[in-house]
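Undergrad: okay, sequence plus prediction incoming.
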Amino acid sequence: MPSVTVIDRRLLDQVLERAERSPRRRMNHNLHATPEENPNRLVNAMLRGTYIVPHRHVTPPKTESFLVLRGSVVFFVFDDGGQIARRLVLEPGVTPGVDVPPGVWHTLSPLSEQAICYETKPGPYAVTDKDLAPWAPREDAPAAAAYLESLLQAPVMEG
């Protein structure tokens, strides 16, 4: 019989410790056994300052969901030209999550020093299943930090 994975404080703290050692300032803990499993489910620990390139899932079309378990994050939706269409603050007990349909440009970033999300998306996992926004700097680009800061300074748009 398969064992049950308990998502408790101990697991969240372990993933957060691994994020603190990561140069990317974030770390996933996969709950799915293989990349082929459907759906993919993971705990994603992030530290303030991590930059996730805005992206969308078109080929194949995939829905992605995020629930904030700890801390607070800001979630962005963009139009095709890279303008912010929506900026939401997500935190447990207030607005804890979002469900993102295929083809929507999006990214998220922690507002608190540490944040942890539960994420799910259809499998199988493939590096090529997301389109990186052509108007946003890549993760390792010199302009990435300034771009992230400009996003964080944008006004909150709940609508």
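TA: Done, it's in.
Undergrad: now D99: how far from L16?
TA: D99 sits 24 Å away from L16, going by Cβ to Cβ, to the nearest Å. (Glycine included, C-beta is placed from N, CA and C.)
Undergrad: which one of the two has more residues nearby?
TA: A count of neighbours by other Cβ atoms under 10 Å puts L16 above the other of D99 and L16, at 21 against 10.
Undergrad: so what's the more buried one up against?
TA: 27, 45, 114, 116 (Cβ atoms under 8 Å, 6 or more residues apart in numbering).
Undergrad: go on, Y125?
TA: By Cβ under 8 Å, 6+ apart, Y125 lies in contact with 35-36, 40.
Undergrad: low pLDDT regions in this protein?
TA: Residue ranges of the chain with pLDDT under 70: 156-159.
Undergrad: so which residue is smack in the middle of the chain?
TA: The centroid of the chain falls nearest to L108 when counting by Cα atoms, centre = their mean (5.2 Å).
Undergrad: ok, N30 - contacts?
TA: With Cβ under 8 Å, 6+ apart, N30 has these contacts: 40-42.
Undergrad: what about the closest residue in space to E36 that isn't next to it in sequence, neighbour count?
TA: In space, and not counting its chain neighbours, E36 is closest to P124: 4.2 Å by Cβ to Cβ, 6 or more residues apart in numbering. With neighbours defined by other Cβ under 10 Å, the count for P124 comes to 14.
Undergrad: neighbour-wise, which of the contacts of L16 leads?
TA: A45 (29 neighbours).
Undergrad: what separation is there between that one and D140?
TA: Taken as Cβ to Cβ, the span from A45 to D140 is 20 Å.
Undergrad: now do K121
TA: K121 is 24 Å from D140, by Cβ to Cβ.
Undergrad: still on that earlier bit, report the beta-bridge partners for the residue nearest to the centre of the chain.
TA: Under DSSP bridges, the beta-bridge partners of L108 are F75.
Undergrad: how about it, what does it touch?
TA: So L108 contacts 52, 66, 73-76, 90, 117 (Cβ under 8 Å, 6+ apart).
Undergrad: next one: E17
TA: Taking Cβ under 8 Å, 6+ apart as the definition, E17 has no contacts.
Undergrad: understood, closing this out.
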